[in-house]
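> here are the coordinates; sequence isn't available:
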């Protein structure tokens, strides 16, 4: 075999290996989803969705868990959405290139890399102990809002950056002020992109268990939270709790709860992908 | 009008400034509790003792077993994710059709959107029993299966960041390599990967940082037994798992046991902070190499 033939063979071999690697992750994902569905789908029924948690696996349901997850979703959106967008607008439209804005930027990048469990420690000390709020929904939502804030800020900036300079210049030329330009031109033009980012961030928040466990969210809550000041549990914590038990029946419950959690996560991601797609189709500068 | 503009700008500035407040609060919380911890337990004991048993009657406060557990699961995760992720990046860039790439990239991203508690369930109920079928000594909780699953989770992180780095290499370099008669493989490993090495390194460092801070997978599947070992077959405990373990129990606020989670958290924070800033530094330093 000549050298060039050997090289061509190696090239082909790597191509096969490349295809193998590309699909192995997806195959694992598929095996995993199929396994979960087989294990858990039989357990999902109306009773499972509307029952309170119980010591007996067959009677336990996820009502409090998914209600808590929805509460967290809405509250986190209400907190992180305005805050993150405002910060993003400031950094992209107002901030001058100074030492301070450089510092802000590197600080946000650093916050994005802080492990979620550290945010749990922050929430525990700051909101639960220092402000005496207790391990309630509001604290969980505040903690997760801080966790996703860097993601919201970064995606807001990217969406705003995509709006061409000419739009702003046109608005200024018509006599609009800075804020009028931002509010009437830049934000509407970038809103699809911002929304996509916020929804992706929220889907991350919905899947988090560790920070909420650290602030003291309970595994067993025998009631549906009625206000942001009520104690709560969420789906990931319920899944963690059931997974940690030795009895097989609880693992089946966990698999069923995972299906519900994945449906919520995939739904949020689906909406985000759809919005991004529509945005790309609609706007051509 | 003028005043209103100023007020709005002030509010926007305040929102941005909150992020600094968040960082300051994190550091304050970790430091204040850690300082109280270290006033009772010397930092020398913390760094040199070989056991971590703060919840037992005979208390030992050596962080090394938790660090070893964290290191072990992270190393396994990277050993899985780096070769696969980098191969995917090279394959998508040098071999695959553009259409294939646009379909496969979002699919791979799905791996990163799945909640980690779900990965933990997978590690415990599927991967561990599977591995036990041919590794006889494998315990029910172990670093191996948690690490492998964590590796699968971070594949898209390495593949997409590395792919960005490789596709940022100027076309002329690739064309020069082909012009010299190189195969795609030779072009990839002889020219593209070396040229994109800083970007690839950044992706690996960020992946390590992510794996070090990962909590639910290891809390579910790797065990809760702090152990100074590099044996992937036995139960261990990571820094993050310890924090979860204490949070689930009812350790009284203000006790020494309560403060251990902040000392552990501080250790974790220092690790990830150093890794993240190392990656920023590399990115900044090598960013304009080809401009």
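Received it, and whenever you're ready, just let me know what you need. Everything numeric in this text was worked out from a predicted model, so none of it was measured. Numbering: from 1, shown residues only, chains lettered A, B, ... in the order given.
> Give me the residue at the spatial middle of the chain.
No chain in the question, so chain A it is. Nearest residue to the geometric centre of chain A (C-alpha atoms, centre = their mean): residue A:204, 1.8 Å.
> I was thinking of chain B, sorry if that wasn't clear
residue B:210 (1.9 Å).
> tell me the contacts of that residue?
Listed by C-beta atoms under 8 Å, 6 or more residues apart in numbering or on different chains, the contact set of residue B:210 reads B:154, B:157. For glycine as for every other residue, the C-beta is placed from the backbone atoms N, C-alpha and C.
> hang on, it in a helix?
Yes: counting by DSSP: H, G, I helix; E, B strand; the rest coil, residue B:210 is found in a helix.
> Kindly provide the distance from it to residue B:276.
Using C-beta to C-beta, to the nearest Å, one obtains 10 Å as the distance from residue B:210 to residue B:276.
> Spit out the residues that contact those two alike.
Common neighbours of residue B:210 and residue B:276, using C-beta under 8 Å, 6+ apart, do not exist here.
> Pull up the residues of the stretch 51-200 of chain A that are close to chain B.
Applying C-beta under 8 Å from any C-beta of the partner chain, we find that the stretch 51-200 of chain A lies next to chain B at A:82-84, A:86-87, A:89-91, A:94-95, A:103-104, A:106-111, A:113-122, A:124-126, A:129, A:146, A:149-150, A:153, A:177-179, A:200.
> Which members of those are positioned in helices?
The helices, defined by DSSP state H, take in A:82-84, A:86-87, A:89, A:103-104, A:106-111, A:116-122, A:146, A:149-150, A:153, A:178-179, A:200 from these.
> Give the PyMOL command for selecting the buried subset of these.
Those of those that count as buried under 16 or more other C-beta atoms under 10 Å in any protein chain shown are selected in PyMOL with:
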select buried, chain A and resi 83+84+86+87+89+104+107+108+109+110+111+116+117+118+119+120+121+122+146+149+150+153+179+200
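> rewinding a little: okay but the residue nearest to the centre of chain A is in contact with residue A:148, surely?
Yes: at 6.0 Å, residue A:204 counts as touching residue A:148 under the criterion of C-beta atoms under 8 Å.
> before we move on, what SS does residue A:222 have?
Going by three-state DSSP: residue A:222 is coil.
> which one is it nearest to, not counting chain neighbours?
Nearest residue to residue A:222 in three dimensions, chain neighbours excluded: residue A:52, at 5.5 Å (C-beta to C-beta, 6 or more residues apart in numbering or on different chains).
> so how many other residues sit close to the residue in the stretch 1-150 of chain A that chain B sits nearest to?
Nearest to chain B in the stretch 1-150 of chain A, going by C-beta to the nearest C-beta, is residue A:115, at a distance of 2.5 Å. Neighbours of residue A:115 under the rule other C-beta atoms under 10 Å in any protein chain shown: 25.
> go on, residue A:70?
Applying other C-beta under 10 Å, we find 15 residues neighbouring residue A:70.
> what do you get for residue A:223?
By the criterion of other C-beta under 10 Å, residue A:223 has 12 neighbours.
> Skipping its backbone neighbours, what lies nearest it in space?
Spatial nearest neighbour of residue A:223, chain neighbours left out: residue A:64 (6.8 Å); criterion: C-beta to C-beta, 6+ apart.
> Ok, residue A:104 next?
Sequence neighbours aside, residue B:16 is the residue nearest to residue A:104 in space, at 5.8 Å (criterion: C-beta to C-beta, 6+ apart).
> contacting residues for that neighbour?
By C-beta under 8 Å, 6+ apart, the contact set of residue B:16 is A:86, A:87, A:90, A:91, A:95, A:104, A:153.
> ok, residue B:41 touching residue B:256?
Yes: Residue B:41 lies in contact with residue B:256 (C-beta under 8 Å); the separation is 7.5 Å.
> Who has more neighbours out of those two?
Taking neighbours as other C-beta under 10 Å, residue B:41 and residue B:256 compare with residue B:41 leading, 19 against 16.
> Quickly list what the residue lying closest to that one once chain neighbours are set aside is bridged to.
Leaving out its chain neighbours, the residue that sits closest to residue B:41 by C-beta to C-beta, 6+ apart is residue B:61, at 4.6 Å. As for beta bridges, residue B:61 partners with residue B:52 under DSSP bridges.
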